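Q: coords below, sequence missing:
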């Protein structure tokens, strides 16, 4: 008698991977909605609050699903450590996003700049992991060939956007394309991290 055993995919892994996919797409869409500058005019733009809410939601979803990427990148200690840094940055991102979405319009650009200067420590704690994490992920993933090259390099989008921002006429010319590329690359990595159903 012949029997067929169905091995179901690990549901938790697939749910996490799909959270990364959804989060990456929302992160990209939210950043694409963002005005190209941080100035008084931008604070009254119709997409200002929505952009921050959408990409902050995306950040939380990515953070919630990073376990799926951790499984895929487990062969590289550097990449796993990088994911840890990235998790910290993504979890803290809604704090600054909420402040930009709702506090900045209420106090004006100068007032919000003063707030940012008084919370510089938080900025370092939330910002540095966003620079360091992707670098470690890219190093480990490239070294061990854990993801397609184009997806791996897309993790540098936000990092390059932040670094190049001061060198371009408008900061948005660097950071917005960079964060969109990062979000789409993370979404693609999440999709590849699903566990396919197997039939035996």
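A: Done, it's in. None of these values were measured; they are calculated from a predicted model.
Q: what's the neighbour count on residue 69?
A: Number of residues near residue 69 (other Cβ atoms under 10 Å) recorded here: 28. (C-beta placed from N, C-alpha, C; glycine too.)
Q: Does the closest residue to residue 186 other than its chain neighbours lie in a helix or a strand, and which?
A: Of all residues not flanking residue 186 in the chain, residue 24 sits nearest, at 3.8 Å (Cβ to Cβ, 6 or more residues apart in numbering). Assigning secondary structure by DSSP states H and E places residue 24 in helix 11-33.
Q: Packing partners of that helix?
A: Helices and strands touching helix 11-33, as assessed by 3 or more Cβ pairs under 8 Å, 6 or more residues apart in numbering; DSSP states H and E, comprise helix 48-72, helix 172-192.
Q: So which bits of stretch 69-79 are buried?
A: By 16 or more other Cβ atoms under 10 Å, the buried positions in stretch 69-79 come out as 69-70, 72-73, 76, 78-79.
Q: and the residues you listed as JSON lines, adding distance to residue 47 and pLDDT?
A: Converted to JSON lines, the buried residues of stretch 69-79 look like this (distance: Cβ to Cβ, whole Å; pLDDT from 0 to 100):
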{"residue": "69", "distance to residue 47": "29", "pLDDT": "94"}
{"residue": "70", "distance to residue 47": "33", "pLDDT": "93"}
{"residue": "72", "distance to residue 47": "34", "pLDDT": "92"}
{"residue": "73", "distance to residue 47": "34", "pLDDT": "94"}
{"residue": "76", "distance to residue 47": "38", "pLDDT": "95"}
{"residue": "78", "distance to residue 47": "37", "pLDDT": "96"}
{"residue": "79", "distance to residue 47": "34", "pLDDT": "96"}
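Q: ok, those residues vs residue 40, which is closest?
A: residue 69 (38.7 Å; Cβ to Cβ).
Q: Just confirm the closest one contacts residue 23, I think it does.
A: No - using Cβ atoms under 8 Å, residue 69 is not in contact with residue 23, being 11.0 Å away.
Q: Pick the one among the buried residues of stretch 69-79 closest to residue 94.
A: Checking these against residue 94 with Cβ to Cβ, the nearest one is residue 69 at 19.7 Å.
Q: for residue 188, what are its contacts?
A: Each residue near residue 188 by Cβ atoms under 8 Å, 6 or more residues apart in numbering is listed here: 24, 151, 154.
Q: Please tell me how far the first one sits from residue 115.
A: Computed as Cβ to Cβ, to the nearest Å, the residue 24 to residue 115 distance reads 29 Å.
Q: The two: which is more packed in?
A: Neighbours per residue, other Cβ under 10 Å: of residue 24 and residue 115, the larger number sits with residue 24, 26 against 12.
Q: could you measure residue 89 against residue 124, distance?
A: Distance of residue 89 to residue 124, given as Cβ to Cβ: 11 Å.
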